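Asker: kindly generate the corresponding structure for this input.
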Amino acid sequence: MSKIKVLIIDDSALIRSVMKAIIDGQPDMEVVGMAPDPLVARDLIKQSNPDVLTLDVEMPRMNGLEFLEKLMRLRPTPVVMISTLTEHGSEVTLKALELGAVDFVAKPKLGVSEAMAELVQDITDKIRTAARAHVRRQTGATAAIGAPRPLAGHILSTTEKVVFIGSSTGGTEALKEVLSRMPAESPAIMMTQHMPESFTKSFAARLDGLSAMTVKEAEHNERVLPGYAYLAPGHSHLRVKKSGAYYYTELSQEAPVNRHRPSVDVLFESAARVVGQNAVAVMLTGMGKDGAAGMLAMRQAGAYTIAQDEASCVVYGMPKAAVEIGAVQEIAPLANIAGCILKRLT
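Answerer: Residues are numbered from 1 along each chain as shown. Here you go, the predicted model:
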């Protein structure tokens, strides 16, 4: 089997050498070139025809975003962004995902060599996932259209319903697509997206600006209200609990589940126990199988379950795992997911 060919683009010689050692240390991948900036990278891409690029967000001569936008328009290639764990870094990274990057690795600010070594599994897993990802050509027209409008004409029959969504790789854009189509008076939505804690607040704010619903990073023990969408913070599992007649959020820093905190399984399993047949579960694009067992528990508890189809997924991992164990009742393309949810609520 041929190795995954990786091109590293980073202005730090240290990061380039550490990344090269990590990648060349894997049996199924190899570094075919290294570039200190995107201008050098352009020639190397033509020469080496890489399967995956790792791209630093902030570089001299041409920044990573400018390069990424041109790359996705002219020669779509799977890209894993290397980003700093800062507020500015999170904003830039979210923009990169919007432009078509498959995923990102958050690099440390201090002790780079040691910390990067601890990220070996994260880096190599994301490169493997990127090599299999469905990367689509980005067009200027897409950006001009803007966010889809909320679907109209749905009269919601109950406010007792709660929608639960799980996502990972490719999920930032998938969540944007779903939430931008939900009307302001939608039942509450609770979401787990695999993402570091320094990114979830920025991401929730970004979604809030695109959705008729109010989108926020979930806090502990807040009442779950219609018209609100709650995103699990990157440092904690998110669960739903009930007190009297009302649902509330619950945050927990228990150990990771399926190597993730927040974990989709944790959210979905709480929904199965607490919300039962008043829940709708949605599994969006993502790597791995987190959430599949929880979705099955939700289906068995009477919830309605929906998964994104393979053709519209960036990575058909989590939805596939849920389908394979019989957890899914309906499979739909991303553009139809909001409509499928609303159909179950009217």
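Asker: where do the helices of this protein begin and end?
Answerer: Secondary structure of the chain (DSSP state H): helices at 13-24, 38-48, 64-74, 87-99, 112-118, 120-132, 140-145, 171-179, 197-210, 264-274, 292-300, 318-324, 334-345.
Asker: could you export those as a markdown table, including mean pLDDT?
Answerer: Listed next are these as a markdown table, based on pLDDT from 0 to 100:
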| stretch | mean pLDDT |
| --- | --- |
| helix 13-24 | 93 |
| helix 38-48 | 93 |
| helix 64-74 | 92 |
| helix 87-99 | 85 |
| helix 112-118 | 73 |
| helix 120-132 | 94 |
| helix 140-145 | 41 |
| helix 171-179 | 97 |
| helix 197-210 | 94 |
| helix 264-274 | 98 |
| helix 292-300 | 98 |
| helix 318-324 | 98 |
| helix 334-345 | 94 |
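Asker: how about JSON lines for those, with mean neighbour count and distance to residue 237 added?
Answerer: Glycine gets a C-beta too; all of them are placed from N, C-alpha and C. Output for the helices of the chain, formatted as JSON lines (neighbours: other Cβ atoms under 10 Å; distance: least, Cβ to Cβ, whole Å):
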{"stretch": "helix 13-24", "mean neighbour count": "17", "distance to residue 237": "29"}
{"stretch": "helix 38-48", "mean neighbour count": "16", "distance to residue 237": "38"}
{"stretch": "helix 64-74", "mean neighbour count": "19", "distance to residue 237": "32"}
{"stretch": "helix 87-99", "mean neighbour count": "20", "distance to residue 237": "20"}
{"stretch": "helix 112-118", "mean neighbour count": "13", "distance to residue 237": "22"}
{"stretch": "helix 120-132", "mean neighbour count": "19", "distance to residue 237": "19"}
{"stretch": "helix 140-145", "mean neighbour count": "9", "distance to residue 237": "34"}
{"stretch": "helix 171-179", "mean neighbour count": "24", "distance to residue 237": "17"}
{"stretch": "helix 197-210", "mean neighbour count": "19", "distance to residue 237": "12"}
{"stretch": "helix 264-274", "mean neighbour count": "25", "distance to residue 237": "4"}
{"stretch": "helix 292-300", "mean neighbour count": "24", "distance to residue 237": "11"}
{"stretch": "helix 318-324", "mean neighbour count": "23", "distance to residue 237": "16"}
{"stretch": "helix 334-345", "mean neighbour count": "19", "distance to residue 237": "23"}
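Asker: quick one: closest of those helices to residue 249.
Answerer: helix 264-274 (10.0 Å; Cβ to Cβ).
Asker: how's the protein carved up into domains?
Answerer: 4-141, 147-345 (automatic domain parsing).
Asker: start and end of stretch 177-194, how far apart?
Answerer: End-to-end distance of stretch 177-194: 17 Å, with Cα to Cα, to the nearest Å as the criterion.
Asker: next, the buried residues of it.
Answerer: 177-183, 186-194 (16 or more other Cβ atoms under 10 Å).
Asker: between the residues you listed, which is closest to residue 126?
Answerer: residue 194 (10.9 Å).
Asker: quick one: residue 313 and residue 134 touch, right?
Answerer: Yes. Using Cβ atoms under 8 Å as the test, residue 313 is close enough to residue 134 to be in contact (6.7 Å).
Asker: is the residue nearest to residue 189 when sequence neighbours are not counted in a bridge, and if so with what?
Answerer: Leaving aside its sequence neighbours, residue 189 sits nearest to residue 229 (Cβ to Cβ, 6 or more residues apart in numbering; 4.0 Å). Beta-bridge pairing for residue 229 (DSSP bridges): residue 189, residue 215.
Asker: okay, now residue 63: neighbour count?
Answerer: For residue 63, the neighbour count with other Cβ atoms under 10 Å is 16.
Asker: was I right about it contacting residue 69?
Answerer: No. Applying Cβ under 8 Å, one finds residue 63 not in contact with residue 69, separated by 10.0 Å.
Asker: give the residue farthest from the middle of this structure.
Answerer: residue 244 (33.5 Å; Cα atoms, centre = their mean).
Asker: so how far is residue 137 from residue 80?
Answerer: Distance, residue 80 to residue 137, using Cβ to Cβ, to the nearest Å: 18 Å.
Asker: please consider this matter closed, and thank you.
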